[in-house]
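Undergrad: okay, sequence plus prediction incoming.
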Amino acid sequence: MKHLTTFFLILLFPLTLFANEPQWKKFTHESTVLIAHVDLTNIDIAKTIQNNRPIVDTLLKALPGEPQDVRSLIAAGELGKQYLIRTLGIQEAYVVIDLQMVNTVPGMPIMILPQTGKINGETLRSAIALALPQDFIKVVNSRNNEFVLLYPTVDEPDRWLDRLLPPISVERSDFAEAFAAVEDAPIKIVAALPEFVRKVVRDTAPRLPAPAQELDIATLLTETRWTAIGIDPAKPAVHVTVATTSELAAAQVQRSFQEALAIFIKKGIEELEVLPENFSAKQSLLPTLKEREDRIRALLIPQPEGKNLVLHWEQPQFAEAVDIVMPIVAEETEQLHKNQHRNVCTNKMRSFLLACHNYLDCHGQLPPPFTVDANGKPLHSWRVLILPYMEHEALYQQIRLNEPWDSEHNKQFHDKMPIYFRCLASTLGNPNRDTVYCMVVGNETIGVPNGKGLLFSQITDGSSNTILLTERKTPVCWMEPVDILQEHAYLGVNQHEFGIGSEHPGGVTIGIADGSTRFMSENVSLKMLKAFLTKAGGETVNREDMRSFFGSVR
């Protein structure tokens, strides 16, 4: 009996080792280049937010809207974590990039979720369907039901399972060493080039394009065995190890890092220096790059430790990085918000143009800038006239068109402005009643002030060369028959308080009579501006000059 027990122990010992085998080993092939692992159960949300307050506070200030309370942020983070763990059953996740998948899914990684009691493909499909377009990601259970895989949309994803999860994985000592270097971190990112790729790089000695043509990319790739990054956001701490083939190689790889960073900083300085002096990006970023170049190098360049290069960040390094990087992040975030506002404004302008064209189809003419009574007194703006073509028929029916816009009856609708007419970039006026979207009114423009709409045949300069709608520097009540006078528009963009203008950086959104939209530079020449405002001026528009003043046609 004793011998039988010993026999079974010997037999089961290899199986015990296999059962305790790290999950990542099941994804390693000869062509694997990256494996990332996130252990959600070991990420402390409260400590992550509390111990990164300088970063969190800076980001919160950069976000639009009302300032966020840190306690509510922690609560939201905890709620999100519990949703992933308890509802979806996702306790950990791997992301794998494998060269054999590149031809099928160029540049796209595969997410692998170890199977738990709750997780299943159907649960994930339902959750993903709420957040992503249909079929953007396919959810597939592995054949042994050990993993759930999230694929980018590909044909027949099942046929790639054997490639990504073969019955027998390939032993990769480089990945084993790399994971061992960051084994305690809840977030791990490990990368290593397969030997056959390193051989190709050695044989071909590739060069990067300018301005990095002098960078020795071949040495960097062939002398680096693996790179491991361990992240513990709760401390916070980041540990980076770059393993090379020798101490000499470590020095060469470090030199490549230094040269790459120098090229990046030099290129950044050159691009900032050519910007106009009033650009906020130049004012905030240029001094940082020039005055703190040495500290940036010290923070980002790993230091030699034998054959390895090591970089370790804890609280002091994070505090210094925040001091250097966060002004850049705040600047980029602000610019992103401005661009989003501009994109929203462009979409709204496109909706107005479509409504004007639908009005034309029904009435045989474009909407006039305003309607008039029997004595020629303005009554209602074109904005009221297009309501039925913007899904606001009910509001349109309540307005008395035979009474002035500010009659006792019609006053009740002043603060019921449809949200379409509110420009997000505008900080002036009452957001419930004032708009900046206007016509230019004058005998030479589309907005002839006679209470009658224009025929397309009267736009002899061509509908693609004539402005129909634009933005006004100061807003007006959306129902008021007031727009932009021709004489004010001819002064230029942002040159008169009642003229063409906006709070978008650098210019103004315009709607062309052919239904397209453009962003017009505030530096547009008066000659070019007038050429686009007149409907029958006969001006010759030079296409090259036009490209220099207008953004792309939308």
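TA: It's in.

Undergrad: ok, which stretches of the stretch 401-550 of the chain are strands?
TA: 434-438, 440-441, 467-477, 484-485, 507-512, 517-521 (DSSP state E, counting those that start in this stretch).

Undergrad: so what are the domain limits for this protein?
TA: 23-170, 172-260+296-313, 339-549 (automatic domain parsing).

Undergrad: include mean pLDDT when you put those into CSV, please.
TA: What follows is the domains of the chain, written out as CSV (pLDDT from 0 to 100):
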stretch, mean pLDDT
domain 23-170, 77
domain 172-260+296-313, 91
domain 339-549, 87
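
Undergrad: got a markdown table for those, with mean neighbour count and distance to Thr288 too?
TA: The C-beta positions use only the backbone N, C-alpha and C, and glycine is treated the same way. A markdown table is the format used below for the domains of the chain (neighbours: other Cβ atoms under 10 Å; distance: least, Cβ to Cβ, whole Å):
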| stretch | mean neighbour count | distance to Thr288 |
| --- | --- | --- |
| domain 23-170 | 15 | 14 |
| domain 172-260+296-313 | 17 | 8 |
| domain 339-549 | 18 | 21 |
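
Undergrad: in CSV, list these along with distance to Lys266.
TA: Shown next, in CSV, are the domains of the chain (distance: least, Cβ to Cβ, whole Å):
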stretch, distance to Lys266
domain 23-170, 27
domain 172-260+296-313, 8
domain 339-549, 27
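
Undergrad: between the ones you listed, which gets nearest to Ala319?
TA: Among the domains of the chain, the nearest to Ala319 by Cβ to Cβ is domain 23-170 (6.3 Å).

Undergrad: now the terminal residues of that closest one, how far apart.
TA: 13 Å (Cα to Cα, to the nearest Å).

Undergrad: please name the nearest non-neighbouring residue to Ala260.
TA: Leu215 (5.8 Å; Cβ to Cβ, 6 or more residues apart in numbering).

Undergrad: what sits against that neighbour?
TA: Neighbouring residues of Leu215 by Cβ atoms under 8 Å, 6 or more residues apart in numbering: 208, 256, 259-260, 263.

Undergrad: repeat the analysis, applying 6 Å as the threshold.
TA: 208, 259-260 (Cβ atoms under 6 Å, 6 or more residues apart in numbering).

Undergrad: give me the subset of those that lies in helices.
TA: 259-260 (DSSP state H).

Undergrad: which one of the contacts of Leu215 is nearest Arg295?
TA: Nearest member of the contacts of Leu215 to Arg295, counting by Cβ to Cβ, is Ala260, at 17.3 Å.

Undergrad: okay, the closest one and Val182: tell me how far apart.
TA: 23 Å (Cβ to Cβ, to the nearest Å).

Undergrad: what of Thr445?
TA: Thr445 sits at a distance of 66 Å from Val182 (criterion: Cβ to Cβ).

Undergrad: which ones are touching the residue lying closest to Gln458 once chain neighbours are set aside?
TA: The spatially closest residue to Gln458, leaving aside those adjacent along the chain, is Lys535, at 6.4 Å (Cβ to Cβ, 6+ apart). By Cβ under 6 Å, 6+ apart, Lys535 lies in contact with 446, 459, 461, 466.

Undergrad: which parts of the stretch 101-250 of the chain are helices?
TA: Applying DSSP state H, counting those that start in this stretch to the stretch 101-250 of the chain gives helices spanning 121-131, 161-164, 173-181, 195-204, 217-222, 247-273.

Undergrad: can you give the contact residues for the first one?
TA: For helix 121-131, the surrounding residues in contact (Cβ under 6 Å, 6+ apart) are 88, 137, 139, 141, 148.

Undergrad: can you do 10 Å?
TA: For helix 121-131, contacts defined as Cβ atoms under 10 Å, 6 or more residues apart in numbering pick out 83-84, 87-90, 113, 134-141, 145, 148-150.

Undergrad: how about the fifth one?
TA: Under the contact criterion Cβ under 10 Å, 6+ apart, helix 217-222 has outside partners 193, 197-208, 216, 242, 244-245, 249, 252-257, 259-260.

Undergrad: thought Ser463 was touching Ala536?
TA: No - taking contacts as Cβ atoms under 10 Å, Ser463 lies outside contact range of Ala536: 12.0 Å.

Undergrad: quick one: residues contacting the closest residue to Phe421 other than its chain neighbours.
TA: Spatial nearest neighbour of Phe421, chain neighbours left out: Thr435 (3.9 Å); criterion: Cβ to Cβ, 6+ apart. By Cβ under 10 Å, 6+ apart, the contact list for Thr435 reads 348, 381, 383, 417-418, 420-423, 426, 429, 471-472, 475-480.

Undergrad: what's the distance between Thr435 and Val493?
TA: Applying Cβ to Cβ to Thr435 and Val493 gives a distance of 18 Å.

Undergrad: wait, Ser426 sits on Glu503?
TA: Yes - if you go by Cβ under 10 Å, Ser426 and Glu503 touch, sitting 5.6 Å apart.

Undergrad: sorry, back to before: quick one: which of the helices of the stretch 101-250 of the chain is nearest His409?
TA: Ranking the helices of the stretch 101-250 of the chain by proximity to His409 (Cβ to Cβ) places helix 121-131 first, at 44.3 Å.

Undergrad: export the closest one as CSV, just CAs?
TA: Presented in CSV, the C-alpha positions along helix 121-131 are these (Å, rounded to 0.1, in the frame of the first residue of the first chain):
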residue,chain,number,x,y,z
GLY,A,121,-19.9,34.7,-23.5
GLU,A,122,-23.5,35.6,-23.3
THR,A,123,-23.0,37.9,-20.3
LEU,A,124,-20.2,39.7,-22.1
ARG,A,125,-22.0,40.0,-25.3
SER,A,126,-24.9,41.8,-23.6
ALA,A,127,-22.5,44.2,-21.8
ILE,A,128,-20.4,44.9,-24.8
ALA,A,129,-23.5,45.5,-27.0
LEU,A,130,-24.4,48.4,-24.7
ALA,A,131,-21.0,50.1,-25.2
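
Undergrad: let the chain start at 180 from now.
TA: All set: I'll call the first residue 180, so the last point we hit is now helix 300-310.

Undergrad: so who does Val361 touch?
TA: 216, 367-369, 407-411, 417-420.

Undergrad: ok, and the closest non-adjacent residue to it?
TA: Gly409 (3.0 Å).

Undergrad: likewise Ile289?
TA: Val275 (5.2 Å).

Undergrad: for the one you found, give its distance to Leu400.
TA: 20 Å.

Undergrad: again, but for Thr696
TA: From Thr696 to Leu400 the distance is 46 Å (Cβ to Cβ).

Undergrad: if we can go back for a sec, and which of the contacts of Val361 is nearest to Ile691?
TA: Nearest to Ile691, judged by Cβ to Cβ, of the contacts of Val361 is Ile368 at 48.2 Å.

Undergrad: and that closest one, what does it touch?
TA: 213-217, 274, 357, 361, 406-410, 419.

Undergrad: I'd like the strands of the stretch 580-729 of the chain written out as a markdown table, with distance to Asp473 added.
TA: Formatted as a markdown table, these follow (distance: least, Cβ to Cβ, whole Å):
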| stretch | distance to Asp473 |
| --- | --- |
| strand 613-617 | 47 |
| strand 619-620 | 54 |
| strand 646-656 | 45 |
| strand 663-664 | 53 |
| strand 686-691 | 39 |
| strand 696-700 | 38 |
